[in-house]
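**Student:** I'll drop the sequence and a predicted model, then ask my questions.
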Amino acid sequence: TPDVVLPTIRKIIFVHSCFFHQHDGCRARQRPKTHKRFWNDKLDRNVKRDARVRRQLNRLGWSVAVVWECQLKDIERLRRRLEKFLNNKR
């Protein structure tokens, strides 16, 4: 489920947890050492679902941005990124 939907400009923003959505290159992505099978299955499903949903939304003409939890630390950089996303015609 998107966190922000802007239907008039067909833009969607997801705010993802780095752990639960497995942000590439992020330290918070590290998988637990216990209950490995459970966590691997769960996290792999999340990543596959995220990719599938994003493809579906793109096919339907929506532009999609993902804001990662760790990106909330640098608000100015995030503001510039979201401004660029929202002002981009596609």
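**Tutor:** In hand now; what should we look at?

**Student:** K48: neighbouring residues, count only.
**Tutor:** 10 (other Cβ atoms under 10 Å). Using the backbone N, CA and C atoms, a C-beta is placed for each residue, glycine as well.

**Student:** typed the wrong thing, it's H23
**Tutor:** If you count neighbours by other Cβ under 10 Å, H23 ends up with 19.

**Student:** who's in contact with the nearest residue to it once chain neighbours are set aside?
**Tutor:** Leaving out its chain neighbours, the residue that sits closest to H23 by Cβ to Cβ, 6 or more residues apart in numbering is W68, at 4.8 Å. Neighbour list for W68: V15, H16, C18, H21, H23, C26 [criterion: Cβ atoms under 8 Å, 6 or more residues apart in numbering].

**Student:** which of those lies closest to K84?
**Tutor:** V15 (17.1 Å; Cβ to Cβ).

**Student:** surely R77 is in contact with E83?
**Tutor:** No - counting by Cβ atoms under 8 Å, R77 sits too far from E83 to count as a contact (10.8 Å).

**Student:** okay, and the common contacts of the two?
**Tutor:** The contact lists of R77 and E83 share no entry, where a contact means Cβ under 8 Å, 6+ apart.

**Student:** what average pLDDT does stretch 36-55 get?
**Tutor:** Here stretch 36-55 scores 98 as its mean pLDDT.
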